[in-house]
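# Sharing a model that was predicted from the sequence below.
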Amino acid sequence: MNHGIVSISNGQLALSLVLVLITGLVSAFLRLGLLKSLVWGTVRAFVQLTLIGYVLAYIFQLNSLPVIIPIILLMSFIAAREASRRVNEPTQKPLLVSFIALTASTFLVGLIVVGLIIGPEPWYSARVMIPIFGMILGNSMNGISLALDRMYGEVRAHVAEVEELLCFGASPWEAVRGLVRKAVSSGMTPTINSLMVVGLVSLPGMMTGQILAGADPREAVRYQIVVMVMVAAAVAVGCLLIVGLSYRKMFTKDLALTGDMRRSIG
Amino acid sequence: MTNFFSFDNLTYYFEPGGRSIQVSGAVEPGNVLALQGPSGSGKSTILRILARLLEPAGGEVVFRGQGWLSFPPLTWRRRIHYLPQKPVMFAGTVLDNLWLPFGLAALSDMPKPGRDYLEGLVAAAGLPPSILTQDALTLSGGEMARVALVRALLVEPDVLLLDEPTAFLDEGTERLVQTLLCNWLQEKKERAAILVSHKDEDLQAFPGLRVVNITPSEREG
């Protein structure tokens, strides 16, 4: 049961400007001052996506591992930059640890999915690897930035408790482990919650795409199941890595909280 | 003079290049040293430096003839215990709170105290035995302060750094706590306390108490 892809012609694409117009009208009507961003955003989306379409077509055609790996690393770097931008007042620039956590978790989980579960021919097929790794990265990025942000927030909100434990001779890990646990759990919760409602509230983008491209919905859901459990695993590993690599930086070499972390109690 | 616990020219800048304090002092086993000074003069800061929670700009602390940096920080803080003015309680019962330090690796050599023993100890602090099963976060300020003190005594530090230990207490319980501390000091050799208190009664309660005055110096020019 393959109905083939229903493609969008140039003319049809141009018609989608009607939708931009609707958004513009809402903005103008309520004087939201969003018109400029809307126009700029639309142009950017058009240019970026068109370019990426050509780039991807080219890469899929090349289909060579020495090209795929640098591309995935570049994607990891961009995701790491975005993740670290979202963390409020970290004690160290989280770019490097974000990159390590994202790359490690993405490759670990991605290789299991591509090599073991999907198993395309060849196993590193760019057509499979790039979208799969991209989906993992996008979700891990959200997870690790949440976990890291929450870790700093929790410790700053519980300075007295952390110091009390330190005063009994607790190691930095013993002093913050309860709070770190909360942080990891807050990073993982959205992904786990999405496992609960998927298919009931929303059809995930990937599945929708496959169905529009003519795939049998029963086939599309199989992919979706793999994608969702893969995302959950990558987020879990990523969150664990990021807090593991970062928590020590909240402490001085004398194993006390840094001045930056204690600021709230002066 | 034995050198049990002394600090020499501990220096701390409240702002870089701004107001600063410089303090020296010593305490002998079985005794109490009081830090005195106007509020905001940095008495708590000195206690926090002594516990190695804050790093001073200069100065040294010597414990049993050894410089403080020769002790790993975790060992130091386990021996030189700081009890903050505002008592810290964790979620759980009072019993959970009293047992909390015994779950740490640093205290793995100490057996967890039994319930009977704890009942006796909280009674000495003027608390009923039933408090052990109470939710620690529902206690009054005075109760929390005494539970925190009992918890500090349980881990048997060598030097107790007390920051206004009776601030939350009324006169009756205040005297109980003073007696508890006096007994604790005498119970074993080689124990001492450094105290910050604005109450004269606290100072008079300890025989052989010595006083160090803290006067912050302003920046010149």
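Nice, I can see it. Only a predicted model underlies this, so the values are computations on that prediction, with no experimental measurement involved.
# Neighbours of A:Phe29, how many?
8 (other C-beta atoms under 10 Å in any protein chain shown). Using the backbone N, CA and C atoms, a C-beta is placed for each residue, glycine as well.
# and what of A:Leu245?
Neighbours of A:Leu245 (other C-beta under 10 Å): 18.
# same question, the one 10 residues further on
Neighbourhood size, A:Leu255 [other C-beta under 10 Å]: 19.
# just the one 4 residues further on next, same as before
Using other C-beta under 10 Å as the criterion, A:Gly259 is surrounded by 11 other residues.
# and it, what pLDDT?
Looking at A:Gly259, its pLDDT stands at 89.
# same question, the one 5 residues further on
Looking at A:Ser264, its pLDDT stands at 55.
# cool, B:Lys189 as well?
83.
# thought B:Asp96 was touching B:Phe90?
Yes: B:Asp96 lies in contact with B:Phe90 (C-beta atoms under 8 Å); the separation is 7.1 Å.
# Between the two, which contacts overlap?
B:Ala136 (C-beta atoms under 8 Å, 6 or more residues apart in numbering or on different chains).
# check contacts around the residue of the stretch 101-250 of chain A found nearest chain B.
The minimum distance from the stretch 101-250 of chain A to chain B, using C-beta to the nearest C-beta, falls at A:Gly169 (3.1 Å). By C-beta under 8 Å, 6+ apart, the contact set of A:Gly169 is B:74-75, B:77-78, B:101, B:104, B:106-107, B:155.
# Then A:Pro217?
Per C-beta under 8 Å, 6+ apart, neighbours of A:Pro217: A:207, A:211.
# how about a cut-off of 10 Å?
A:1, A:203, A:207, A:210-211, A:224 (C-beta atoms under 10 Å, 6 or more residues apart in numbering or on different chains).
# for the helix or strand of chain B with the lowest mean pLDDT, packing partners?
None of the helices or strands of chain B scores lower by mean pLDDT, DSSP states H and E than helix B:200-205, at a mean of 86. In terms of contacts (3 or more C-beta pairs under 10 Å, 6 or more residues apart in numbering or on different chains; DSSP states H and E), helix B:200-205 is packed against strand B:32-36, helix B:171-187, strand B:192-196.
# which parts of the stretch 151-266 of chain A sit against chain B?
Residues of the stretch 151-266 of chain A lying near chain B by C-beta under 10 Å from any C-beta of the partner chain: A:158-175, A:178, A:251-259, A:262, A:265-266.
# Name the helix or strand for B:Val61, please.
strand B:58-63 (DSSP states H and E).
# chain center to that strand, what's the gap?
For strand B:58-63, the separation from the chain centroid amounts to 18 Å (computed by C-alpha atoms, centre = their mean, to the nearest Å).
# same deal with stretch B:55-65?
17 Å.
# Filter the contacts of A:Pro217 down to the buried ones.
A:203, A:207, A:210-211, A:224 (16 or more other C-beta atoms under 10 Å in any protein chain shown).
# Of those residues, which belong to helices?
A:207, A:210-211, A:224 (DSSP state H).
# Farthest-apart pair in those, please.
Farthest-apart pair in these is A:Ile211 and A:Gln224; separation 10.2 Å (C-beta to C-beta).
# Next, the contact list for residue 182, please.
Went with chain A since none was named. Contacts of A:Lys182 by C-beta under 10 Å, 6+ apart are A:147, A:150-151, A:153-154, A:158.
# meant chain B, my bad for not saying
Here B:Cys182 is in contact with B:30, B:32, B:193, B:205-207 (criterion: C-beta under 10 Å, 6+ apart).
# Contacts only, for A:Ile100.
A:Ile100 neighbours (C-beta under 10 Å, 6+ apart): A:76, A:80, A:238, A:241-242, A:245.
# What's the mean pLDDT across the helix or strand hosting it?
Taking DSSP H and E as the criterion, A:Ile100 maps to helix A:95-111. Mean pLDDT, computed over helix A:95-111, is 96.
# Likewise for stretch A:52-70?
For stretch A:52-70, the mean confidence score works out to 94.
# okay, how far is it across that stretch, tip to tip?
16 Å (C-alpha to C-alpha, to the nearest Å).
# if we can go back for a sec, show the subsequent helix or strand relative to the least confident helix or strand of chain B.
According to DSSP H and E, the helix or strand after helix B:200-205 is strand B:210-213.
# hang on, the earlier thing: name the residues contacting each of A:Ile211 and A:Gln224.
Both A:Ile211 and A:Gln224 are contacted by A:203, A:217, under the criterion C-beta under 10 Å, 6+ apart.
# Check the offset of stretch B:166-179 from the chain's centre.
Distance, centroid of stretch B:166-179 to centroid of chain: 15 Å (C-alpha atoms, centre = their mean).
# Now do the contacts for the residue nearest to B:Lys188 when sequence neighbours are not counted.
Counting by C-beta to C-beta, 6 or more residues apart in numbering or on different chains, B:Glu156 is the residue found nearest to B:Lys188 once chain neighbours are left out, at 7.7 Å. With contact taken as C-beta under 10 Å, 6+ apart, B:Glu156 is in contact with B:78-79, B:81, B:107, B:110, B:184, B:187-188, B:191.
# Tell me how far B:Glu156 lies from chain A.
11 Å (C-beta to the nearest C-beta, to the nearest Å).
# Name the helix or strand for that residue, please.
Secondary structure assignment for B:Glu156, by DSSP H and E: no helix or strand.
# same question, A:Arg177
Judged by DSSP H and E, A:Arg177 forms part of helix A:172-197.
# Would you mark the buried spots in that helix?
A:172, A:174-176, A:179-180, A:182-184, A:186-188, A:191, A:194.
# Columns distance to A:Leu32 and pLDDT on top of those, output as a markdown table?
Putting the buried residues of helix A:172-197 into a markdown table (distance: C-beta to C-beta, whole Å; pLDDT from 0 to 100) gives the following:
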| residue | distance to A:Leu32 | pLDDT |
| --- | --- | --- |
| A:Pro172 | 47 | 97 |
| A:Glu174 | 50 | 97 |
| A:Ala175 | 47 | 97 |
| A:Val176 | 42 | 97 |
| A:Leu179 | 39 | 96 |
| A:Val180 | 40 | 96 |
| A:Lys182 | 37 | 95 |
| A:Ala183 | 35 | 96 |
| A:Val184 | 38 | 95 |
| A:Ser186 | 31 | 94 |
| A:Gly187 | 32 | 94 |
| A:Met188 | 35 | 94 |
| A:Thr191 | 32 | 91 |
| A:Ser194 | 30 | 88 |
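# Chain B: strands as residue ranges?
For chain B, the strands defined by DSSP state E cover B:5-13, B:20-27, B:32-36, B:58-63, B:66-67, B:80-83, B:159-163, B:192-196, B:210-213.
# In a markdown table, list these along with mean pLDDT.
As requested, the strands of chain B are exported to a markdown table (pLDDT from 0 to 100):
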| stretch | mean pLDDT |
| --- | --- |
| strand B:5-13 | 95 |
| strand B:20-27 | 94 |
| strand B:32-36 | 94 |
| strand B:58-63 | 96 |
| strand B:66-67 | 94 |
| strand B:80-83 | 97 |
| strand B:159-163 | 96 |
| strand B:192-196 | 95 |
| strand B:210-213 | 90 |
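# Okay, B:Arg115 and chain A: tell me how far apart.
Relative to chain A, and taking C-beta to the nearest C-beta, B:Arg115 is found at 20 Å.
# Enumerate every residue touching that residue.
B:95, B:98-99, B:129, B:132-133.
# In ChimeraX, select just the buried ones from these.
Buried residues within these, by 16+ other C-beta under 10 Å, are selected in ChimeraX with:
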select /B:95,98,99,132
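# which regions of the stretch 101-250 of chain A sit below the pLDDT cut-off?
Counting by pLDDT under 70, the stretch 101-250 of chain A has low-confidence residues at A:202.
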